[in-house]
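*Asks:* Give me a model of this one.
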Amino acid sequence: MLKPNVPAWFEIPARDVDRAQRFYQDLLGVSLIRTQINGADQAIFPYGGKPNSSGSVIRSDGVYEPSDRLGSIVYLHVDDIRPALARVSEIGGDVLLPPQELPDNIGMFAHIRDSEGNRVGLFSAA
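*Replies:* Numbering: from 1, shown residues only. Model prediction:
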């Protein structure tokens, strides 16, 4: 039996889903799929099918509020963290924590502030 990935789903708050969608598409080089679920405007990240996880940028007034210092941090996997970080400022974000090496050659991680003001982590094995 396949065990599910953790997390199964994540949601990154957005004030402007159009702007957030452009930010993440430009940052990651992927297409997000726009939808409405239970009245919430969302742009969903691609996923490889079950049990791979995915998530969305989401706007739902009174439910979500972007933050770069409160709450959980979602880490997005990228092939190489360096070119992704190089694009952050030109697409409307900021690098909050430069690349950090993980022990035992696991990889690298960094923190960015996205176009909506959220702190989001990036991870690469390279």
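*Asks:* Could you list the paired strands of the host helix or strand of Gln100 along with their orientation?
*Replies:* Following DSSP states H and E, one finds Gln100 within strand 94-101. Paired neighbours of strand 94-101 in the sheet (DSSP bridges): strand 108-113 (antiparallel).
*Asks:* So which bits of the partner strand are buried?
*Replies:* Met108, Phe109, Ala110, His111, Ile112, Arg113 (16 or more other Cβ atoms under 10 Å). For glycine as for every other residue, the C-beta is placed from the backbone atoms N, C-alpha and C.
*Asks:* Pipe the residues you listed into TSV and attach distance to Pro83 per row.
*Replies:* Below are these laid out as TSV (distance: Cβ to Cβ, whole Å):
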residue	distance to Pro83
Met108	12
Phe109	15
Ala110	12
His111	17
Ile112	13
Arg113	18
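*Asks:* Closest one of those to Glu90?
*Replies:* Nearest to Glu90 among the buried residues of strand 108-113: Ile112, at 12.4 Å, using Cβ to Cβ.
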